[in-house]
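Peer 1: Quick one: sequence and predicted model below, then my questions.
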Amino acid sequence: MTESLLERSARFIDGATYEGPESVNPVDRSFHEIADGVGLVCGFSHIWTLDADEGLVVVDTSQPDWASAALEHLRRWRDVPVDTIVYTHGHVDHVSGAPVFRDDAVERRRPSPRVVAHDAVGRRFERYDLTRGYNECVNARQFGRRYRAGFFDIDWVKPHLTYSDGMELEVGETRMQLTHEKGETDDHTIVWVPQQGVLFTGDLVIWAFPNAGNPQKAQRYPSEWAAALRRMIDLRPSLLAPAHGLPVAGTERIARVLDDTATALEGLVADTLAMMNAGASLDEILHTVRVPTDLLERPYLRPSYDEPEFVVRNIWRLYGGWHDANPARLKPAPDAAIAAEVAIMAGGAAALAQRAAELCEAGELRLACQLVEWAAQAAPADEEVHAARAEVYRIRRDSELSLMARNIFRDAFYSSKARLQPE
């Protein structure tokens, strides 16, 4: 008999079992009725649906391909129109499927779904339009081969109804409480349906270590994220419906997941601030502050996407600004100029590359990356240096757990490999 998603999440949580990132984050476009009147289409970000009798409420629309699949599933599940779409936040993987729902309604001569979101979502869309080229670059690095060019060429479906702090939303006889929280974003909404005990969390729960440190994206809010999780525990939901990962059933099991996640974030914030207040530099903090191993071993807190070290950097940025307390980096020389001087002292770029290879073999990957980077900046046309750089970053990529680190190092590997002449 096939294991349901709720059975799988219970087995993983109760038995502290982990079978890899794919096992906790189904993205196969499959449909599941998780509870009476609560449907889930698994996607890059999930599409959750609530049957509100007079129409469907869709929480997040994922991306166009998944939205099209979701509509096919929903027609077979309930032959009623989509009345309302709620964006949990404005990230592209949560909102770019909305035109599919809108166009389907037009084609069927039905009213377009009402779109509801926090009032900062519209401002996020405007920021994305201003930084489209940058977002294309960084997302190509972050997601690697899975990224499709043109991801940010979007016909935004802007919210029709917005709120600032909280809002009661009614569809038919179903009442939902929308609440603004900050965490991965500043425009986040959780959706609480008290009649059914269902809590739609958006990206505040992702079955991975919280994405509170993304090195290439806008500010995250780990302290506020933890506080939001504590408030979610107080609601005592019986079904947790995250935008990524597995649904979770059972009040105590849900509380355990939320409490562990909040505890991990609270510890990072407290320890980082304590060292900042004692006058420590960012370098000292990065190499000191840690999340307890037992928390990182939870199946819902593995650093498979983001990781604690990056969160520490974001905490520093939030409370302390961009300067890392190293005076040489306040108004630094160009990277290439520094690399050239280091190469002269080392006896040339080839010597730096050779030492980087030795350090790499000894497992000193952080040092190896720095040295080989200097070598490549000092001798950008040297194929032997780029061969060494490619090898160092290949090994570094394969050693990393988080997708963000792995793919940034992967990008460095391919950038040097592309400079090599075919043998």
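Peer 2: Happy to help now that I have it. Residues are numbered from 1 along each chain as shown.
Peer 1: Trp48 belongs to a strand?
Peer 2: Yes. Trp48 sits within a strand when classified using DSSP: H, G, I helix; E, B strand; the rest coil.
Peer 1: Excluding sequence neighbours, find me the nearest residue to it.
Peer 2: Val59 (4.2 Å; C-beta to C-beta, 6 or more residues apart in numbering). To be clear about C-beta, it is placed using only N, CA and C from the backbone, and glycine gets the same treatment.
Peer 1: Just give the number of residues close to that neighbour.
Peer 2: Other residues near Val59 come to 28 when the count uses other C-beta atoms under 10 Å.
Peer 1: Confirm that Gly39 sits in a helix.
Peer 2: No. Counting by three-state DSSP, Gly39 is not part of a helix but strand.
Peer 1: can you start the count at 50 instead of 1 from here on
Peer 2: Got it, the first residue is 50 from now on, which makes the last one we talked about Gly88.
Peer 1: Check the burial of it by counting its neighbours.
Peer 2: Neighbour tally, Gly88, other C-beta under 10 Å: 21.
Peer 1: and the closest residue in space to it that isn't next to it in sequence, what is it in contact with?
Peer 2: Once flanking residues are discounted, Gly88 sits nearest to Thr98: 4.2 Å by C-beta to C-beta, 6+ apart. Counting by C-beta atoms under 8 Å, 6 or more residues apart in numbering, Thr98 touches 87-90, 105-108, 119, 123, 126.
Peer 1: can you check Phe192 too?
Peer 2: 452, 456.
Peer 1: And it, how close does it get to Leu452?
Peer 2: Distance of Phe192 to Leu452, computed by C-beta to C-beta, to the nearest Å: 8 Å.
Peer 1: Who are the packing partners of the helix or strand harbouring Met225?
Peer 2: Here Met225 sits within strand 223-230, counting by DSSP states H and E. Judged by 3 or more C-beta pairs under 8 Å, 6 or more residues apart in numbering; DSSP states H and E, strand 223-230 is in contact with strand 215-220, strand 237-242, helix 271-284.
Peer 1: Return the list of strands paired to that strand, each annotated with direction.
Peer 2: Strand 223-230 has the following sheet partners, assigned by DSSP bridges: strand 215-220 (antiparallel), strand 237-242 (antiparallel).
Peer 1: which residue packs closest to Asp168, ignoring adjacent ones?
Peer 2: Thr211 (4.0 Å).
Peer 1: Turn the helices and strands packed on strand 223-230 into a markdown table, columns for distance to His372.
Peer 2: Shown next, in a markdown table, are the helices and strands packed on strand 223-230 (distance: least, C-beta to C-beta, whole Å):
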| stretch | distance to His372 |
| --- | --- |
| strand 215-220 | 37 |
| strand 237-242 | 29 |
| helix 271-284 | 20 |
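Peer 1: Dump the ones you listed into a markdown table; add distance to Val149, mean pLDDT and mean neighbour count as well.
Peer 2: Formatted as a markdown table, those follow (distance: least, C-beta to C-beta, whole Å; pLDDT from 0 to 100; neighbours: other C-beta atoms under 10 Å):
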| stretch | distance to Val149 | mean pLDDT | mean neighbour count |
| --- | --- | --- | --- |
| strand 215-220 | 20 | 97 | 14 |
| strand 237-242 | 21 | 98 | 24 |
| helix 271-284 | 29 | 98 | 19 |
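Peer 1: Check the chain for its longest helix and report it.
Peer 2: Longest helix in the chain, counting residues (DSSP state H): helix 300-326.
Peer 1: now it, how far from the chain's geometric center?
Peer 2: From the chain centre to the centre of helix 300-326 is a distance of 18 Å (C-alpha atoms, centre = their mean, to the nearest Å).
Peer 1: okay, the angle between it and helix 271-284?
Peer 2: Interaxial angle, helix 300-326 versus helix 271-284 (axes from the mean of the first three to the mean of the last three C-alpha atoms, to 10 degrees): 160 degrees.
Peer 1: Against which helices or strands is helix 300-326 packed?
Peer 2: Contact here means 3+ C-beta pairs under 8 Å, 6+ apart; on that basis helix 300-326 packs against helix 54-64, helix 271-284, strand 288-291, helix 331-335, helix 342-345, helix 357-369.
Peer 1: quick one: buried residues of whichever helix or strand comes after the last one?
Peer 2: Later in the chain than helix 357-369, the nearest helix or strand by DSSP H and E is helix 384-395. Counting neighbours by 16 or more other C-beta atoms under 10 Å, one finds that the buried residues in helix 384-395 are 388-389, 391-392, 395.
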